[in-house]
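Enquirer: Following is a predicted model, sequence given first.
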Amino acid sequence: MKNKAPIIGMALIVIAAMIYFYPSSNNINENGSLTENNEIQINKDCYFTYNFSKKPKIGTVVLKINIKNNSNNKIKIIGNYGMPSMPGSHDSGNMEFYVNNNGDYLLPINIAMPGKWRINLTFKNNNEEIFKGDIYLNI
């Protein structure tokens, strides 16, 4: 019988990575998307909520993220968006969220056509990735 320890070890590493890099399932809807207007845990010290300036449709809509941060660490959010069915066609490239005077993080999203859109979010603290998640929209 072959030694199965390397396979089991690799499986444990993959599971640990999934737990670390993906949000808890109570903040993800049935489509794998982060859920709007719900608290989404980043780490033990902070969480965020998000919403849109208006119901997303063709045109520009602003994604607003509000972070509750008990550690007072400066967090940077990088976002990119596009249509998974048309890679490269409508991709925004990585863009840093703007921070307004109220401390809200804002990113204008330009929706060019109907279909499924994915917004990828990456939260960083001191250039270290602390959270990653996706928002899916059906326009």
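Expert: Perfect, thanks for sending it.
Enquirer: residue boundaries of the strands in the chain?
Expert: Using DSSP state E, the strands of the chain run over 40-43, 46-52, 59-69, 75-82, 95-96, 98-99, 105-111, 116-125, 128-138.
Enquirer: Indicate which one of those is closest to G88.
Expert: Nearest to G88 among the strands of the chain is strand 75-82; the distance by Cβ to Cβ comes to 7.7 Å. The way it works is simple: take the backbone N, C-alpha and C, and place the C-beta from them, glycine included.
Enquirer: Looking at that closest one now, give me its mean pLDDT.
Expert: For strand 75-82, the mean pLDDT works out to 96.
Enquirer: Can you list the strands that that strand pairs with?
Expert: Looking at strand 75-82 with DSSP bridges, its partner strands are strand 95-96 (antiparallel), strand 116-125 (antiparallel).
Enquirer: picking that back up, could the strands of the chain go into TSV alongside distance to G88 and mean neighbour count?
Expert: Shown next, in TSV, are the strands of the chain (distance: least, Cβ to Cβ, whole Å; neighbours: other Cβ atoms under 10 Å):
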stretch	distance to G88	mean neighbour count
strand 40-43	28	17
strand 46-52	24	18
strand 59-69	21	16
strand 75-82	8	19
strand 95-96	16	13
strand 98-99	25	14
strand 105-111	15	17
strand 116-125	13	18
strand 128-138	18	16
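Enquirer: For N3, find the nearest of those.
Expert: Nearest of these (Cβ to Cβ): strand 128-138, 33.8 Å.
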